[in-house]
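*Asks:* fold the stuff below for me.
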Amino acid sequence: MANAARERRVLRTRRRIRTPVDNGRLRLTVFRSAKHIYAQVVDDNAGRTVVEANSKSLAPKGSKVEQAHSVGKALAERAGTAGVGRVVFDRGAYRYHGRVKALAEGAREGGLDF
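*Replies:* Residues are numbered from 1 along each chain as shown. Purely as a prediction, here's the structure:
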């Protein structure tokens, strides 16, 4: 039951962002585990990951929210180097709150537009 509800939330979010993705914008997707947060910019038309960043490899200091903020900034810097400026934020089944919100704000500070 829990997996079915989570899958419905994911599909509801994806349905809302389908049009911008179909028009060529890349998708910034977030995965949150108990210890770490992962983010990647995905080109759905080509089926590949353009850039990624996570708190596991960066090993930032501070609380989980501060770590998520620094992961967002690092992702935005890498995306800028790869020539990506505009993305669609795919929060998946997570609410826009806490670590997910901090990652988005860090990405915006780093220069990503969404």
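*Asks:* end to end, how far does stretch 85-102 reach?
*Replies:* 19 Å (C-alpha to C-alpha, to the nearest Å).
*Asks:* before we move on, what about stretch 51-65?
*Replies:* Note: stretch 51-65 ends 21 Å apart using C-alpha to C-alpha.
*Asks:* buried residues, the lengthiest helix in the chain. List them.
*Replies:* Longest among the helix segments of the chain by residue count, using DSSP state H, is helix 2-22. Across helix 2-22, burial judged by 16 or more other C-beta atoms under 10 Å covers T13, I17, V21. Bear in mind the C-beta positions are built from the backbone N, C-alpha and C, glycine included.
*Asks:* now render those as TSV, adding distance to V50 and pLDDT.
*Replies:* Formatted as TSV, these follow (distance: C-beta to C-beta, whole Å; pLDDT from 0 to 100):
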residue	distance to V50	pLDDT
T13	20	91
I17	16	90
V21	13	82
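*Asks:* mind putting these into CSV with distance to G80?
*Replies:* Below are the buried residues of helix 2-22 laid out as CSV (distance: C-beta to C-beta, whole Å):
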residue, distance to G80
T13, 25
I17, 21
V21, 20
